[in-house]
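1. Fold the following.
(3 chains)
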Amino acid sequence: MSTATEKQSLSTSLIASIDLAQFSFANEQRTKAFEAFKTIGLPEPKNEEYKFTPVTRSLSKHFSASELSKPTDANESVKSLLNPEFSENRVVFVNGMYSKTLSTITSDSKVTVQSLNEALASNPSLLFDQLNTTDPFALLNSTLWSDGLYINVPKNIEEQKPLFIHHLHDASSEKVSAHTKLFITVGESASLQIIEKTDTQGNQPVFNTISEDIIVGENGAVNYCKIQNDAGQLIQVANTTIHQHRASRADTYTLTLNGQLIRNNLNIIIDGEGCESHFYGLYLSDGDTLVDNHTTVDHKKPNSFSNELYKGLMDGKSKGVFNGKIYVRPHAQKTNAFQSNRNLLLSDDATVNTKPQLEIWADDVKCSHGCTTGQLDEEALFYLQSRGIPKATAKAMLLYAFAAEVMETIKNEQLKNYIDSIVSERLHKSY
Amino acid sequence: MSKDNQVLEEFTSKEYEHGWTTDLESDSAPKGLSEDTVRFISAKKNEPEWLLEWRLKAYRHWTTMKEPQWPNVTYPTINYQDIIYYSAPKQKVQPKNLSEVDPELIKTFEKLGISLTEQKRLTGVAVDAVIDSVSVATTFKDKLGELGIIFCSFSEAVKEHPELVKKYLGSVVPPNDNYFAALNSAVFSDGSFCYIPKGVRCPMELSTYFRINAANTGQFERTLIVAEDASYVSYLEGCTAPMRDENQLHAAVVELYAMKDAEIKYSTVQNWYPGNKEGKGGIYNFVTKRGLCAGDHSKISWTQVETGSAITWKYPSCILKGDYSNGEFYSVAVTNNYQQADTGSKMIHIGKHTRSRIVSKGISAGKSQNSYRGQVHILKRAENARNFSQCDSLLMGDQCGAHTFPYIDVENKSAHVEHEATTSKIGEDQIFYCLQRGIDEEAAVALIVNGYAKEVLKQLPMEFAVEAQKLLALTLEGSVG
Amino acid sequence: MLKINNIHARVEEKAILNGINLEIKPGEVHAIMGPNGSGKSTLASVLAGREDFEVTEGSIEFLGKDLLEMSPEDRAREGVFLAFQYPVEIPGVSTVNFMKTALNKIREYRGQDTLDAVSFLSLMKEKIELVEIDKALLNRSLNEGFSGGEKKRNEIFQMAMLEPKLAILDETDSGLDIDALRIVANGVNKLRTKDNATIVVTHYQRLLEYIVPDYVHVLYKGKIVKSGTKELALELEAKGYDWIKSEMEVA
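-> The predicted structure is shown next:
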């Protein structure tokens, strides 16, 4: 067990070990982010936002400051992790570096998909960090990112083909510290579909931060699905910020099936009238893992609608954490915002900490949140057993039904089938 | 400005009706806080040595603590050296019965609608009246005494029942629990004490009425209620204060201790001076209230109607230690003008088969901010625990805010925890419907608000439910957005 | 009793009523019919004093007084009753409590003594029988969780309690099955006297089989384009609203 002073010292020594001179691009933004990171450092145990999620403690257990601050070399022996289902229109990162050889980009020719380094080389003034997030790991990502992706869908282009972004981590021989940045702009009346997945091989610890800024133009739409199914020792903090302009639509799916310690920060900024946002989450944890979803919907303009459904299944000694904030700013009248968080605890040692939070400054609104925590319905289980279904199968069936409410909302059939197969596999393997 | 907002303006400009002061000669401690202040208070009250030591320990601990910053309220820094920590109306002799109480004091309470003469009493209610820092009179003592019930001022309890006080004081809210509890433990001057013996059902409502009168004075009272096995008591506190331009601090502690099969019902109608329309003055109400369901099958129920105070910071809680114990919290919190309220409840489930229920109804008007903050914690050994929470917010006008911060922490899989929250406003269509039936706007708002708060109001003892309804209507008249 | 003189009204920037003229005498029943969007419900709302509608021209006299000068609650107290198309739900407030408040406010306005609980309850009992409403319903939160029929029946019960001089039934028949419709219409008929008047706003002729009107007016594009007796309603039912539309186009 490390003490508070040791944790502080990781923060301090990390700051000391970061040498911005190692990076040859975007140094102005890095310096700015680094300065901001220096003032807050890694979250301490009492930090309200990281109260239940000891990222700092886990990092100090597995990493030295210098292991965290230097990027890990790319290694392409991880090809076996690639999904054959998504071989078309694929972008691959290995240990945080863009892999040109593994990527197969077949998007519409009007759509820009290039590595962030390339994009910056051709356009050094690209404003890729417009959405300032103050999360310590977002700032750390902005300081340490080694590569990333720039996507631009121009006005009126409705890209039908989903783009698959695959982050691979090779931790078979050494520890990995990988930091990737994505910057995505969807123009007026344009649309984009993204599927993102992380995979890890090997048993060395991996520290990964991903930062995604997505700007959706007027009447535009983004459909974004994140799949986290990492074997091994992954400590991951993902920051996703979606900025919605007038009459735009965002659909997000966050599916966490595996990973040692996963923290997802999803921020939706509704900055125009008539927007619609749907976000769904499903988290399955067991062993001694932890999954933490922090979501924020910030209604800044009137007449918008947001709906959130997150469901979790916690088994073993695992922990589930959910924090959902809904802000309705003073002039965001006629806002409708709904949130629901449902959890099932499957073992005696699993825990859940949930904190839905409504903050409302406008009066003509309809907002609600609900959350429940319980266990599997014994009555239903017995009913199935009494019809001759073995207990384990019955349990898996009921859990699948619980999860299905989230999966059913996925519109892309191919994706839905894939998710369905990995969730079923996961549930039937366990029970 | 729309017509609705005009009515709202008129409505919210209603004056606080208990804002007058009484000329009472008082006996006060010098301003400021030090070990000497603590010794002064203890000496004034002729306290035994152990209690002085208890206070000093709390004081020393307080000096190491920091004022909490997490509540969703803002106020200027409190200068703890600028407060008078002890003030008592001067009475020539300690009154032995009501006929010896200063008539000015009796008049003060009569004016508040609290009769201390038992003949004119509210039927079935015994009252302990506390002005500034001391208890001035307790009614029905003899009648209660026949049943073995002790109901008296805290100071008297220290003298007459030191073993009980020593045993239970700080047993639910330890002196170092939090900043304001530590401050209270060091300087508390009086309050109410209540003890219900085994198997006794208290035949009347017990009530404490708190009044702040003197200027620059903080009020730090302490209430301790102990309910022995299979006993029952229903207790009500009310409070008012004069209108003064400076803010006054009220940091009280309430401890409830329920043993096996015992039930304590604690109701509050809080109407401290909320400050004026511009947000000047008013009481800072920083209160620690906690009940311990120590025995199996015990029950503690909190009901509060909060309409006053510039700032409210309180979370009446239940520690459900006994198996099958039951905790309840019903609250209506109204904020208007510049009032700020950060209030809610904590339900800590330790015992098996424990149950809790939270019903919170927030109403915000004017430029006020109203927050619900609560925690439901199911500990690992709390098999089959159940909680249901409902937090509703009603907004009136477009310059106020409503916030909810529920924390739900579950460590046992057999728990069943449900939380629901909604935010809405009084609908124009609801108002128009009432108007069309000949009900004017003010009456319509009162009707709708009382309907909204009904689930909580019906928990109040009959005698006070009507008063609470009027108070709600008075605080909110016309606030339609 | 009621004189509507050249009323023009609009909501936001849109003109809805374009010069309505109508006179109603005590004891009469007038039906206002018309296709959707013709301004029927707007007329009802203007009479009751809903703020969303702005009267830009014209006057309305009710029992010799200027109705437009009065607040909605004073109109109610003077005897105007609107049976809402969509009755509003008020959680936590029972119909009994609601009616007691309303009735006593109206009595205060008229300089009458307020009713105590006993006389209020006996009055209520009498009206319950008159309009055949389930008593249990009246102790529940106002309209909350009521079926469409229960809501409409509750409107008629309130009408019985408040004994208005002018009752306006705004699409009271919409969404009702035939049994509910008959009960509601029976209630209305029982409440008719030679001193009060009723305006029935409806899209369909069906209700008028039960509440027989003395006059029928057809509203189209914010104007009364045809007036007649109850036979007009039958003609309208037979020929449909397109008949009015085409006739107007020709004109």
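2. So what does B:Thr288 look like in phi/psi?
-> Note on B:Thr288: backbone dihedrals following degrees, to the nearest 10 are phi -110, psi 120.
3. Hmm, it is touching B:Asp177, no?
-> Yes. Between B:Thr288 and B:Asp177 there is a contact under Cβ atoms under 8 Å: 6.5 Å. (Glycine included, C-beta is placed from N, CA and C.)
4. Compare neighbour counts for these two and give me the winner.
-> B:Thr288 (25 against 18; other Cβ atoms under 10 Å in any protein chain shown).
5. Chain neighbours aside, what residue packs nearest to the more buried one?
-> B:Ala181 (4.4 Å; Cβ to Cβ, 6 or more residues apart in numbering or on different chains).
6. What is the subsequent helix or strand relative to the helix or strand hosting that neighbour?
-> Following DSSP states H and E, one finds B:Ala181 within helix B:179-187. Next along the chain after helix B:179-187, taking DSSP H and E as the criterion, comes strand B:190-196.
7. what angle separates that next one from helix B:179-187?
-> Per axes from the mean of the first three to the mean of the last three Cα atoms, to 10 degrees, the angle that strand B:190-196 makes with helix B:179-187 is 90 degrees.
8. thinking again about what came up before, and the residue nearest to B:Thr288, what pLDDT?
-> You'll see B:Ala181 listed with a pLDDT of 94.
9. ditto for B:Thr21
-> 67.
10. what's the helix holding B:Ala181 packed up against?
-> helix B:35-44, helix B:49-63, strand B:253-258, strand B:282-293 (3 or more Cβ pairs under 8 Å, 6 or more residues apart in numbering or on different chains; DSSP states H and E).
11. out of these, deepest packed?
-> strand B:253-258 (a mean of 28; mean count of other Cβ atoms under 10 Å in any protein chain shown).
12. List the neighbours of it that are in contact with it.
-> For strand B:253-258, the external contacting residues (Cβ atoms under 8 Å, 6 or more residues apart in numbering or on different chains) are B:168-173, B:181, B:184-185, B:188, B:222-227, B:264, B:266, B:287-295, B:298-300, B:316, B:325.
13. Quick check: what element follows it along the chain?
-> strand B:263-270.
14. List the contacts of that following strand.
-> B:225, B:227, B:231-239, B:254, B:256, B:258, B:285, B:289, B:291, B:298-309, B:312, B:316, B:459-461, B:464, B:467-468, B:471.
15. Now the buried members of those.
-> B:225, B:227, B:231-239, B:254, B:256, B:258, B:285, B:289, B:291, B:298-309, B:312, B:316, B:459-461, B:464, B:468, B:471 (16 or more other Cβ atoms under 10 Å in any protein chain shown).
16. How about the residues of chain B by chain A?
-> Applying Cβ under 8 Å from any Cβ of the partner chain, we find that chain B lies next to chain A at B:70, B:380, B:393, B:395-425, B:481.
17. And for A:Lys411, the neighbour number?
-> Neighbour number of A:Lys411 under other Cβ under 10 Å is 11.
18. any idea which helix or strand carries C:Glu181?
-> Not quite, residue C:181 is Leu, not Glu. Counting by DSSP H and E, C:Leu181 is part of helix C:178-191.
19. quick one: which of the helices and strands packed on helix B:179-187 is nearest A:Asn117?
-> strand B:282-293 (54.9 Å; Cβ to Cβ).
20. could you check the angle strand B:253-258 makes with the closest one?
-> Using the same axes, to 10 degrees: strand B:282-293 against strand B:253-258 is 20 degrees.
21. What strand or helix carries the most centrally placed residue in chain C?
-> Centroid-nearest residue in chain C: C:Ile168, 1.8 Å away (criterion: Cα atoms, centre = their mean). Using DSSP H and E, C:Ile168 maps to strand C:166-170.
22. Does that strand reach chain B?
-> No. Judged by Cβ under 8 Å from any Cβ, strand C:166-170 makes no contact with chain B; its nearest approach is 9.9 Å.
23. Which members of the contacts of strand B:263-270 are positioned in helices?
-> In this view, the contacts of strand B:263-270 that belong to helices under DSSP state H are B:464, B:467-468, B:471.
24. Closest one to C:Ala180 out of these, please.
-> Nearest member of those to C:Ala180, counting by Cβ to Cβ, is B:Ala468, at 39.6 Å.
25. if I look at the nearest residue to A:Gly316 once chain neighbours are set aside, how far off is A:Gly320?
-> Computed as Cβ to Cβ, 6+ apart, the closest residue to A:Gly316 that is not its neighbour in sequence is A:Asp286, at 4.0 Å. Applying Cβ to Cβ, to the nearest Å, the value for A:Asp286 to A:Gly320 is 11 Å.
26. Tell me which of these two has more neighbours.
-> Each of A:Asp286 and A:Gly320 has its neighbours counted (other Cβ under 10 Å); A:Gly320 has more, 30 against 17.
27. and that one, what does it touch?
-> A:283, A:285, A:290-292, A:312, A:314, A:343, A:350-354.
28. That one: helix or strand, and which one exactly?
-> Using DSSP H and E, A:Gly320 falls in strand A:319-328.
29. what do you get for A:Phe137?
-> Judged by DSSP H and E, A:Phe137 forms part of helix A:136-144.
30. any residues touching that helix, and which ones?
-> Against helix A:136-144 from outside (Cβ under 8 Å, 6+ apart): A:18, A:20, A:29-30, A:32-34, A:36-37, A:40-43, A:55, A:69, A:71, A:129, A:133, A:177, A:179-181, A:209-211, A:237, A:239, A:263, A:265.
31. buried subset of the residues you listed?
-> A:18, A:29-30, A:33-34, A:36-37, A:41-43, A:55, A:69, A:71, A:129, A:133, A:177, A:179-181, A:209-211, A:237, A:239, A:263, A:265.
32. picking up where we left off before, give me the neighbour count for the residue nearest to B:Thr288.
-> Counted with other Cβ under 10 Å, B:Ala181 comes out at 26.
33. okay, now the domains of chain A?
-> A:3-271, A:376-431 (automatic domain parsing).
34. deepest of the ones you listed, which one?
-> domain A:3-271 (a mean of 19).
35. Just give me how far it sits from the chain centre.
-> 9 Å (Cα atoms, centre = their mean, to the nearest Å).
36. And the average pLDDT for it is what?
-> Averaging pLDDT residue by residue across domain A:3-271 gives 89.
37. Just list the residues touching B:Thr349, thanks.
-> For the record, residue B:349 is His, not Thr. If you count contacts by Cβ under 8 Å, 6+ apart, then B:His349 has B:320, B:356, B:376-379, B:382, B:385, B:387, B:415 around it.
38. List the beta-bridge partners for it.
-> Here B:His349 sits in beta bridges with B:Leu320, B:Ile378, as judged by DSSP bridges.
39. Equivalent analysis for A:Asn341, please.
-> Beta-bridge partners, per DSSP bridges, of A:Asn341: A:Tyr310, A:Cys371.
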